[in-house]
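Visitor: Need coordinates for the below:
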Amino acid sequence: MDEPDISRSAPSRSIGIARIVAQSGVLAGIGGVLLALVIFGELNIVAALISLLVMVVGVAILPTRAVTVAQTVDVPGLLADDGDETVFAFADALVDPCLVLDRRSVVQHANAAASRQFPTISNSNPLTFSMRNPELVQAIDLVMRTGVARTIELHETVPSETWDRVVVSPLRRPGRDWLGADDRQLVVTFQSLTELKRVEALRTDFIANASHELRTPLASLLGFIDTLLGPAAKDTVAREKFLGIMRGQAERMSKLIDDLLSLSRIEMHQHVRPTGSIDLAGLLREVREGLMTQAKAADVEIRMDMFAGPSTTIGDRGQLYEVFENLMENAIKYGAVGKFVEVSLSPAGRPGLQHVVTIVDHGPGVEPEHVPRLTERFYRIDADASRKKKGTGLGLAIVKHIVNRHRGQLTIKSKPGEGMRVDVFLP
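Guide: Reported below is the predicted structural model:
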């Protein structure tokens, strides 16, 4: 006679008991109905017990919803994991740096932008290991204790000066108490304000510099006018001398205003690419002819070297004329000791760029630290020397903006004693 398979019957009994327990409420209700029927004489007690027993056996044997409930016990955990993956994927889709922190301020996830901007941040480490800004630490602590989002401005000076708007927000899930949850999370996002701060600083410096540049000649004019109205009223020689100086100061102010207006027009249309067709070789020769008088007065020779191939480019003729006039004029004024200026046109050899115009002087040159700032508005290495040469400090800024509008590139190279080389690459 075969022995009963205990290994199979035990789990079956356990499942049956679990089903009965799971449906105990329903069975109790049915039992109550049967008891009421017995009390009112609608059903005898034996039939009632048999009916209840059949139902209990049926619940134990037949599959019921209790099985479904038992199989979905772990679903909340799976949903939580899927929720984290969704949050991390959303963070990765952001172009701004984004961090996801747990309740201990440990970094659970850093998107690609955050990893680039803050390379010392690593997952599973507290954020304070890599970022110790007191305002940021305090904001995270306050949000963790109150559940209320906070926004701060983060100013860092190392390795370079940067500004960021930082938003620290609780990551809330529907139907859950965020402050009471052990698995609560924070989302920290960074929006760069560096460019806005720099533009604001440039605007402030520009207004201050423009005011200063206009105030100096105006003060001179007012002084000479007072002199002519007073002590020199009847002095013919002094009057002629002072009027000559006043004319020079007025011309300086006029040139400054013209440059300011030119810079404003260029910036206004910088996003619109020019569409005209220009012969660069012919344009350069025209600029040279226009500066011959100035070059002879400075005892400087302008040497030109044009390659034999086509030199047509797309651009604004008036603006490109201003570019090369500015560059050649600067070479004549500041490189006069070299006695000659070289102007050449050749193929660019760069992707998307066809021509390069190179202007070289053999003057004293400048220190390397000054070179990156030469295109800043009103930046001068020697302010007095620049003013004596009737410079406004805006020429190279105008050149840079015009080249940018033409989708070109501007490079400046210089060393003390070796003069200066300016390359203008054009499409």
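Visitor: For residue 316, see how far away residue 290 is.
Guide: Residue 290 sits 17 Å away from residue 316 when distances are taken as CB to CB, to the nearest Å. In short, each C-beta sits where N, CA and C put it, glycine included.
Visitor: do the same with residue 179
Guide: Distance, residue 179 to residue 316, by CB to CB: 62 Å.
Visitor: higher neighbour count, the two?
Guide: residue 316 (20 against 11; other CB atoms under 10 Å).
Visitor: so who does that one touch?
Guide: Contacts for residue 316 were tallied using CB atoms under 8 Å, 6 or more residues apart in numbering; they are 274, 276, 402, 405, 406.
Visitor: Just give me the closest of those to residue 210.
Guide: Comparing these against residue 210 with CB to CB places residue 402 closest, at 19.6 Å.
Visitor: For that closest one, which residues are in contact?
Guide: Contact analysis of residue 402 by CB under 8 Å, 6+ apart lists 266, 316, 319, 320, 322, 323.
Visitor: can you tell me which of those are in helices?
Guide: Per DSSP state H, helices hold the following members of those: 266, 319, 320, 322, 323.
Visitor: how about those residues, which pair is most distant?
Guide: 266 and 320 (11.8 Å).
Visitor: Tell me which of those two has more neighbours.
Guide: Neighbour totals were compared for residue 266 and residue 320, and residue 320 leads with 25 against 20 (other CB under 10 Å).
Visitor: From what I see, the more buried one and residue 405 are in contact.
Guide: No - Residue 320 is not in contact with residue 405 according to CB atoms under 8 Å; the separation is 10.1 Å.
Visitor: per-residue confidence for residue 410?
Guide: We note a pLDDT of 90 for residue 410 in this prediction.
Visitor: Which other helices and strands does whichever strand or helix holds it contact?
Guide: Taking DSSP states H and E as the criterion, the element that holds residue 410 is strand 409-414. Judged by 3 or more CB pairs under 8 Å, 6 or more residues apart in numbering; DSSP states H and E, strand 409-414 is in contact with helix 395-405, strand 420-426.
Visitor: can you tell me which of the ones you listed comes nearest to residue 89?
Guide: Residue 89 sits nearest to helix 395-405 of all these, at 37.3 Å, using CB to CB.
Visitor: residues in contact with residue 326?
Guide: Residues in contact with residue 326, defined by CB under 8 Å, 6+ apart, are 395, 396, 398, 399.
Visitor: now whichever strand or helix holds it against strand 409-414, angle please.
Guide: Under the criterion of DSSP H and E, residue 326 resides in helix 317-334. Here the directions of helix 317-334 and strand 409-414 differ by 0 degrees (axes from the mean of the first three to the mean of the last three CA atoms, to 10 degrees).
Visitor: So what's the gap between helix 317-334 and the chain middle?
Guide: 33 Å (CA atoms, centre = their mean, to the nearest Å).
Visitor: And the next helix or strand past that helix?
Guide: strand 340-350.
Visitor: Return the list of helices and strands in contact with that next one.
Guide: Other helices and strands packing on strand 340-350, by 3+ CB pairs under 8 Å, 6+ apart, are helix 280-290, strand 301-306, helix 317-334, strand 353-361, strand 420-426.
Visitor: all helices of the stretch 51-200 of the chain, in order?
Guide: 65-71, 75-93, 112-117, 134-146, 194-229 (DSSP state H, counting those that start in this stretch).
Visitor: Least confident of the ones you listed, on average?
Guide: Among those, helix 65-71 carries the lowest mean pLDDT (a mean of 34).
Visitor: ok, and the closest non-adjacent residue to residue 125?
Guide: residue 107 (6.0 Å; CB to CB, 6 or more residues apart in numbering).
Visitor: same deal with residue 348?
Guide: That would be residue 356: by CB to CB, 6+ apart, it lies 4.4 Å from residue 348.
Visitor: right, and the one you found touches residue 427 too?
Guide: No - using CB under 8 Å, residue 356 is not in contact with residue 427; the gap is 11.1 Å.
Visitor: Most neighbours among the contacts of residue 316, which one?
Guide: In terms of neighbours by other CB under 10 Å, the contacts of residue 316 top out with residue 402 at 26 neighbours.
Visitor: How about the contacts made by the closest residue in space to it that isn't next to it in sequence?
Guide: Computed as CB to CB, 6+ apart, the closest residue to residue 402 that is not its neighbour in sequence is residue 319, at 4.6 Å. Applying CB under 8 Å, 6+ apart, we find residue 319 in contact with 266, 274, 402, 405, 406.
Visitor: ditto for residue 116
Guide: Residue 116 sits next to residue 97 when contact means CB under 8 Å, 6+ apart.
Visitor: Run a quick neighbour tally on the residue nearest to residue 396 when sequence neighbours are not counted.
Guide: Distances taken as CB to CB, 6+ apart place residue 375 nearest to residue 396, at 4.6 Å, with adjacent residues excluded. The local packing of residue 375 (other CB under 10 Å) involves 17 other residues.
Visitor: next one: phi and psi at residue 375?
Guide: Dihedral angles of residue 375 (phi, psi; degrees, to the nearest 10) stand at phi -90, psi 0.
Visitor: Could you double-check that it sits in contact with residue 399?
Guide: Yes - the criterion here is CB under 8 Å, and residue 375 meets it with residue 399 at 7.2 Å.
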